[in-house]
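Engineer: Sequence and predicted structure, then a few things I'm wondering about:
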Amino acid sequence: MWLKYADSAMTDANTGAVACKVAVNDISKTSVDQWIGETNMSSESEGIVGKLWKNQNKEGKMATPDYDALYYNEDIFLLKDSNRTSVSNYSIQQCEVEVRLDDSVDVETLTYDMQFGMRFYENNDAL
């Protein structure tokens, strides 16, 4: 799952992307990647096509992200049954990433443009 965000001024501090990887029913494999600045997360982008999930948009990816997924919080990250009635055997597994704003940001006037999406891979070797 990924989220791309940008403030109206396109400042590096408030423009970037974050991606959260989950492995179905194994919360210990949850990980987060982060990019600062304009990042193309589209499935058709040159930085995505034909690459393993861990190598996508490698240029610009932070070596150590500022953000964390607190995967050990089982209330959020564990695979759960859905109350959806139109499909049988439907489950939900989510990821939550906390994005922290700099103390100098005026939250009363800050607005973001956001895009989000998700990709599914059969295994770690899938492109």
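Structural biologist: Received, thanks.
Engineer: With adjacent residues omitted, what lies nearest to the residue nearest the centre of the chain?
Structural biologist: Taking Cα atoms, centre = their mean, the centroid of the chain lies closest to residue 19, which sits 2.2 Å from it. Closest residue in space to residue 19, ignoring its immediate chain neighbours: residue 2 at 4.1 Å, by Cβ to Cβ, 6 or more residues apart in numbering. For glycine as for every other residue, the C-beta is placed from the backbone atoms N, C-alpha and C.
Engineer: now residue 114
Structural biologist: Closest to residue 114 by Cβ to Cβ, 6+ apart is residue 5, at 4.9 Å.
Engineer: and the one you found, what are its bridge partners?
Structural biologist: Assessed by DSSP bridges, residue 5 has beta-bridge partners residue 16, residue 114.
Engineer: Local confidence estimate at it?
Structural biologist: With respect to pLDDT, residue 5 has a value of 90.
Engineer: oh, and call the first residue 801 from now on, that's how I've got it
Structural biologist: That works, and once the first residue is 801, the last one we named lands at residue 805.
Engineer: Next, count neighbours for it.
Structural biologist: 16 (other Cβ atoms under 10 Å).
Engineer: ok, now which ones touch it?
Structural biologist: Applying Cβ atoms under 8 Å, 6 or more residues apart in numbering to residue 805 gives the contacts 814, 815, 816, 817, 818, 899, 912, 913, 914.
Engineer: Can you get me a residue count around the first one?
Structural biologist: If you count neighbours by other Cβ under 10 Å, residue 814 ends up with 19.
Engineer: hmm, back to that, what subset of the contacts of residue 805 is buried?
Structural biologist: Neighbour-count burial (16 or more other Cβ atoms under 10 Å) applied to those gives 814, 815, 816, 817, 818.
Engineer: and which of those is nearest residue 829?
Structural biologist: Closest approach between the buried ones among the contacts of residue 805 and residue 829, by Cβ to Cβ: residue 818, at 17.3 Å.
Engineer: State the three-state secondary structure for that closest one.
Structural biologist: Secondary structure, DSSP: H, G, I helix; E, B strand; the rest coil: residue 818 is strand.
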